[in-house]
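Q: can't give you the sequence, but here's the structure:
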């Protein structure tokens with residue numbers, strides 16, 4: 001991967017150095033209460049088993065158990081020039097391992113990986129590390145970042161991910177000097193992320209709880225993969241409509257009902273995904289502290305224009321230079337408006353969001369094949385896998401992940 005992931009509970013702001021979300025320790029903060037396709041999951045039958053011990057999770061994870069020395073050698077002793085991302089939770093390094101036996105290999109040979117190294121202190125960091133091993137050790141899907149292995153040796157806690165060469169969506173949208181993403185590529189990224197979320201919410205009954213641009217990593221062909229599962233949680237079962245939990249996430253992305261009550265449902269992920277759609281439409285961050293009043297919140301600023309074709313063009317990303325069909329932009333605006341609706345029950349399911357997005361690939365909506373509109377390769381794309389630091393209540397979260405360059409965003413803790 002190219003980026004690292006964010007840790008659970010973030011509602012915070014922070015910047016990552018590279019293209020990877022540093023979720024291993026990403027800064028997610030808990031928000032105070034004020035604020036039929038084949039299944040790719042190895043385990044079948046709904047949500048993953050809960051309440052397992054650390055030993056059970058590690059022994060049944062289907063992951064490679066690396067020694068600390070293996071990862072030290074793979075990253076050239078965690079040298080500064082191997083660092084591709086960092087956050088409150090830890091650091092993400094670029095490394096190389098043998099594709100057959102996963103032994104460390106020389107730089108430039110073998111398979112490139114992103115190694116997330118947690119900071120030794122902090123219960124929250126270890127908890128999120130274990131949560132990530134628990135979920136990514138058993139879930140497999142083309143739109144989820146692949147976790148290759150882990151290291152649990154003494155006080156050392158590390159995760160080894162596939163390397164995501166194009167880094168995070170956040171870097172492409174907001175990093176100074178980055179090549180603007182064409183409209184068709186934006187739709188492609190949205191569809192990939194929606195597929196991953198639909199798999200989690202609708203097929204696996206898992207709530208991701210940390211949907212944001214810095215946690216969406218991109219491969220060479222701009223296929224999107226969700227990273228950083230430190231905040232993931234099993235969804236409600238039976239007749240229950242929600243689970244009650246400490247509020248965790250990132251300011252600007254967290255659903256209002258979740259922040260207010262601590263009641264979590266898959267519709268909170270839908271809201272957060274709607275915010276990402278707004279970022280793709282407007283080229284603006286979910287939260288802009290430098291703006292005044294209602295302009296700070298992307299949702300508050302964009303919402304009045306989303307259902308009006310005449311007003312929508314005023315909030316469109318100027319870097320698109322008008323190269324999109326108004327019909328396609330309007331449809332995406334309407335979909336985003338549905339996702340960020342105040343009434344959680346009336347928001348669409350992620351499977352419905354995905355179906356709507358796939359329709360936008362039709363040429364009548366202006367989404368030409370991504371190959372024809374692929375952005376020029378830029379050497380300025382962030383290089384770090386870490387994106388988000390450990391999450392803590394109501395604090396900004398740094399970005400960090402196993403993918404290339406990521407920046408942390410404010411988290412709700």
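A: The structure has been received and is ready for your questions. Note that the structure is predicted; figures quoted are calculated from it, not measured.

Q: is it true that residue 325 touches residue 365?
A: Yes: the criterion here is C-beta atoms under 8 Å, and residue 325 meets it with residue 365 at 5.8 Å. C-beta coordinates here come from the backbone N, C-alpha and C atoms, glycine included.

Q: If you count surrounding residues, which of those two has more?
A: residue 365 (20 against 16; other C-beta atoms under 10 Å).

Q: now the strands for the stretch 251-400 of the chain?
A: According to DSSP state E, counting those that start in this stretch, the stretch 251-400 of the chain carries its strands in the segments 263-264, 395-396.

Q: need the least confident one among the ones you listed, by mean pLDDT.
A: In terms of mean pLDDT, the lowest-scoring of the strands of the stretch 251-400 of the chain is strand 395-396 (a mean of 36).

Q: Can you say which helix or strand has residue 210 in it?
A: Of the helices and strands defined by DSSP states H and E, none includes residue 210.

Q: Next, it: phi, psi?
A: Backbone geometry at residue 210, expressed as degrees, to the nearest 10, gives phi -150, psi 40.

Q: Looks like it contacts residue 264 (just checking).
A: No: counting by C-beta under 8 Å, residue 264 is not a contact partner of residue 210; they are 11.9 Å apart.

Q: Which one of the two is surrounded by more residues?
A: When residue 210 and residue 264 are compared for neighbours, residue 210 comes out ahead with 38 against 24, by other C-beta under 10 Å.

Q: In the stretch 101-250 of the chain, mark out all the strands, start to finish.
A: For the stretch 101-250 of the chain, applying DSSP E, counting those that start in this stretch gives strands covering 111-118, 147-153, 156-162, 206-207, 216-218, 224-226, 233-234, 243-244.

Q: so what does the fifth one touch, helix or strand wise?
A: Just to be clear, that refers to strand 216-218. Judged by 3 or more C-beta pairs under 8 Å, 6 or more residues apart in numbering; DSSP states H and E, the packing partners of strand 216-218 are helix 169-174, helix 183-198, strand 224-226.

Q: hmm, 7 Å instead?
A: Other elements packing on strand 216-218 under the criterion 3 or more C-beta pairs under 7 Å, 6 or more residues apart in numbering; DSSP states H and E are helix 183-198, strand 224-226.

Q: how distant is that strand from the center of its chain?
A: Strand 216-218 sits 7 Å away from the centroid of its parent chain (C-alpha atoms, centre = their mean, to the nearest Å).

Q: swap in the third one?
A: Between the centre of strand 156-162 and the centre of its host chain there is 17 Å, according to C-alpha atoms, centre = their mean.

Q: for the second one, same thing?
A: Between the centre of strand 147-153 and the centre of its chain there are 20 Å (C-alpha atoms, centre = their mean).

Q: Averaged pLDDT, it. What do you get?
A: Here strand 147-153 scores 95 as its mean pLDDT.

Q: What of the last one?
A: Across strand 243-244, pLDDT averages out at 90.

Q: what's the offset of that strand from the middle of its chain?
A: With C-alpha atoms, centre = their mean as the basis, strand 243-244 stands 22 Å off its chain's centre.

Q: which stretch of helix or strand covers residue 56?
A: helix 54-59.

Q: can you list contacts of that helix?
A: 130, 133-134, 152 (C-beta atoms under 7 Å, 6 or more residues apart in numbering).
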